[in-house]
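>>> Kindly return the folded structure for what I paste below:
(2 chains)
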Amino acid sequence: MTLLGYPVPTIGYSLALAINNNGLIVGTAQFLRHVPRHAASYANGAWMDLGAIGPSSTFEAFATSVNDSGVIVGDWQNGNQNGAFIYQNGQISDLHAPNRYGNPFINNAGQIVFGDFIYQNGVWQDINDLDLGDGWKFTQAGGINNHGVILGYMFRMSNGVMIHRFGLLTPVVPGEAP
Amino acid sequence: MHSMSILKYATSFVLSVSAPFVVPRPAQTTPRYALTILGLVQHNYINSDFTPLSINDNGVIAGAGSAGYQGKWVLGTSILEWRATPVCGLWSLP
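Numbers count the residues shown, from 1 in each chain, chains lettered A, B, ... in the order given. Take a look at the predicted model:
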């Protein structure tokens, strides 16, 4: 086991949330005392500050997924505001996501899922705009793999009772955008 | 919202149903996606609590969960995985 340690040992906070096939680890860490946590990556024995969206004195950021090209996504929070960000080419930027909670996930095709939305080709699309059949409503993505298969939480009504399940959405044509 | 745990965002849902088991099945109709319902953690326990955390390129899902019946949790929180099989999906302890 390798301990990842902290970017600032005297502060002592780091949290790893995902890793890609090249060993790049992403998560969140505290780089300054009394400053909210920033998105962070870990490679070659060191943590790197990826920054945050908005003023670093109030905004927190969490890197939650990284693909094999090193493109990182995550979520940010500022009080009641929250959203999703992307980090690529050394820059962190807001994805202007719908107001949802949860972890964004990205695959090698660059498809991003966040809440009940998918982002591709620069556009957010509500997954529930698609007919999932049997009255199922998709509410929360829990991951997307490189075949475009989406893991998530969903529900439907049955005789007045709400049925909750986890499920998979598999593209009819693998990897195809919905 | 954020906790110190790796489960910081994972949402745990207690599933209470009268049917003993829901067999995962392909979707009804959608032009773009086929829907597979993952079923319950243990087919003979009517209460299931599962939090999936990750899916890989082989479709194996990892997460954590518990199972029980009549309000009693008979399995403590465990690491679980889900794999598609020719018959149905299967939850198991890895």
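>>> any idea how far residue A:96 is from the spatially most central residue of chain A?
Compute the mean C-alpha point of chain A, and by Cα atoms, centre = their mean the closest residue is residue A:104, 2.0 Å away. Applying Cβ to Cβ, to the nearest Å, one obtains 12 Å for the distance of residue A:104 from residue A:96. For glycine as for every other residue, the C-beta is placed from the backbone atoms N, C-alpha and C.
>>> what does residue A:147 give?
27 Å.
>>> higher neighbour count, those two?
residue A:147 (17 against 10; other Cβ atoms under 10 Å in any protein chain shown).
>>> State the pLDDT value of the more buried one.
The per-residue pLDDT reported for residue A:147 equals 92.
>>> Assess the claim that it and residue B:57 are in contact.
Yes. Residue A:147 is in contact with residue B:57 according to Cβ atoms under 8 Å; the separation is 6.3 Å.
>>> for chain A, longest strand please?
Ranked by number of residues, the top strand in chain A under DSSP state E is strand A:161-171.
>>> Can you classify the residue of chain A found nearest chain B by secondary structure?
Closest contact between chain A and chain B, by Cβ to the nearest Cβ, is at residue A:133 (3.1 Å). Put simply, residue A:133 is coil when judged by DSSP: H, G, I helix; E, B strand; the rest coil.
>>> what pLDDT does it get?
83.
>>> lowest-pLDDT helix or strand in chain A?
Between all helices and strands in chain A, the lowest mean by mean pLDDT, DSSP states H and E belongs to strand A:161-171, at a mean of 87.
>>> From the chain's centre, how far out is that one? Work that out for me.
Distance, stretch centre to chain centre, for strand A:161-171: 20 Å (Cα atoms, centre = their mean, to the nearest Å).
>>> What of stretch A:116-129?
The chain centre lies 14 Å from the centre of stretch A:116-129; the measure is Cα atoms, centre = their mean.
>>> do the same with stretch A:140-148
That offset, for stretch A:140-148, works out to 10 Å (Cα atoms, centre = their mean).
>>> Could you tell me the end-to-end distance of it?
16 Å (Cα to Cα, to the nearest Å).
>>> Other residues contacting that stretch?
A:102-103, A:105-109, A:111-118, A:127, A:150-153, A:166, A:170-171, A:174-177, B:10-11, B:52-57, B:59, B:61 (Cβ atoms under 8 Å, 6 or more residues apart in numbering or on different chains).
>>> Repeat the analysis, applying 7 Å as the threshold.
Stretch A:140-148 has contacts (Cβ atoms under 7 Å, 6 or more residues apart in numbering or on different chains) with A:102, A:105, A:107-109, A:111, A:113-116, A:150-153, A:171, A:174-176, B:11, B:52-57.
>>> thinking residue A:117 is in contact with residue A:125, fair?
Yes. Between residue A:117 and residue A:125 there is a contact under Cβ atoms under 7 Å: 6.5 Å.
>>> what does chain A have sitting close to chain B?
A:17, A:62, A:77, A:101-103, A:130-134, A:136, A:140, A:142-143, A:145-147, A:149, A:151, A:153, A:163-172, A:178 (Cβ under 7 Å from any Cβ of the partner chain).
>>> Narrow those residues to those that are buried.
The neighbour-count test (16 or more other Cβ atoms under 10 Å in any protein chain shown) marks A:17, A:62, A:77, A:102-103, A:130-132, A:136, A:140, A:142-143, A:145-147, A:149, A:151, A:153, A:163, A:165-171, A:178 as buried among the residues of chain A next to chain B.
>>> What strands line up against the longest strand of chain A, and which way round?
Applying DSSP bridges, strand A:161-171 is found paired with strand A:150-158 (antiparallel), strand B:33-37 (antiparallel).
>>> Any idea which of the ones you listed has the lowest pLDDT on average?
Among those, strand B:33-37 carries the lowest mean pLDDT (a mean of 85).
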